[in-house]
Structure formats: C-alpha cells, structure tokens
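1. What follows is a predicted protein model with its sequence.
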Amino acid sequence: MGALGSELIKECKTLLLDAKADVLNRVRNTRQDLHIEDKGGDEADQTVRVLAEAETLSLHERLRTQLVEIEMALARIENGTYGVCEETEEMIEPERLRAIPWTRLSIEGAEIRESLQKRYAR
C-alpha cells in the first residue's frame, strides 16, 4: 500500500466504515418510511403519498449506490490498490481521500472524465 502511508489508509478505512454504518442506518430508516401503509384519503392525499414514495425510492437508490462505492473502496484497501486514480493511474490527493474516502478519481482524473462525458453527451 506504500505510497499513501499506512496512517492515511487506516484513517480512510475508519471513515469508510463509519460512512457504511451511516448509510446502512439511513437505508433502514427509508425502508421503514416506505412500509408505512395508509391507503386512505382523497386523490390529493394519494398523489402526495405516491410522490413521497418516489422520493424515498430515489433516496434509497442513491444510498445503495453510495454503499456499493464504499464496499468497492474497502475492497481496494484489502487488495492494495486504494488511492490510485482509475483515470490517470496516479495517486489520489490525500485531502480528497479524507473528504471522499470512496472516490476512485483524483481531481485531474475527475476533470478528464467530466470533459469526456461532456464531449460524448452532445
């Protein structure tokens, strides 16, 4: 794991495990919100309920995606590739890893990927 230093990796692993616990708690809470069954009310009440369910499902999907990113980062720690940018193959900035410990891209790598997405989005 050399280039990053074991202290930074340990710190990031702790951040990832804390984030994972937080996401799992939030998923549990969104599931409880989703299972509240109240089918009564007029059309306006039902519309509000459907919109709330859609928002809850959207939040649940974002949390699931974040959980996958966290799990992948923990796997990269285990296999020794944590902190290497997928785009540039250079080390990700320590400050960036502290801010977003599940990131797979350095700032430069994120800019490259963003410019490519803009180019092909046209």
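-> Cool, the structure landed. As the structure is a computational prediction, the values presented were derived from the model and not from experiment.
2. Please count neighbours and contacts with C-alpha atoms only from this point.
-> Will do.
3. What is the subsequent helix or strand relative to the longest helix along the chain?
-> Taking DSSP state H as the assignment, the helix of the chain that covers the most residues is helix 43-79. Once the chain leaves helix 43-79, the next helix or strand it forms, by DSSP states H and E, is helix 94-99.
4. Give me every residue in contact with that next one, excluding its own residues.
-> L4, L8, E11, C12, L15, G83, T103, S106, I107 (Cα atoms under 8 Å, 6 or more residues apart in numbering).
5. out of those residues, which are inside helices?
-> Per DSSP H, the subset of the contacts of helix 94-99 in helices is L8, E11, C12, L15, I107.
6. among these, who's most crowded?
-> C12 (24 neighbours; other Cα atoms under 10 Å).
7. quick one, phi psi at the residue nearest to that residue when sequence neighbours are not counted?
-> Among residues not flanking C12 along the chain, P101 sits closest, at 5.7 Å (Cα to Cα, 6 or more residues apart in numbering). The phi and psi values for P101, taken as degrees, to the nearest 10, are phi -60, psi -20.
8. my guess is P101 meets L16, correct?
-> Yes: between P101 and L16 there is a contact under Cα atoms under 8 Å: 6.3 Å.
9. Give me the common contacts of the two.
-> Common neighbours of P101 and L16 (Cα under 8 Å, 6+ apart) are I70, A73.
10. which stretches of the chain aren't confidently modelled?
-> 1-3, 33-39, 122 (pLDDT under 70).
11. switch the cut-off to 80
-> 1-3, 30-41, 121-122 (pLDDT under 80).
12. burial count for Q117?
-> With other Cα under 10 Å as criterion, Q117 counts 11.
13. quick one: the residue lying closest to E69 once chain neighbours are set aside and K20, what's the gap?
-> Nearest residue to E69 in three dimensions, chain neighbours excluded: W102, at 5.9 Å (Cα to Cα, 6+ apart). The gap separating W102 from K20 is 10 Å, by Cα to Cα, to the nearest Å.
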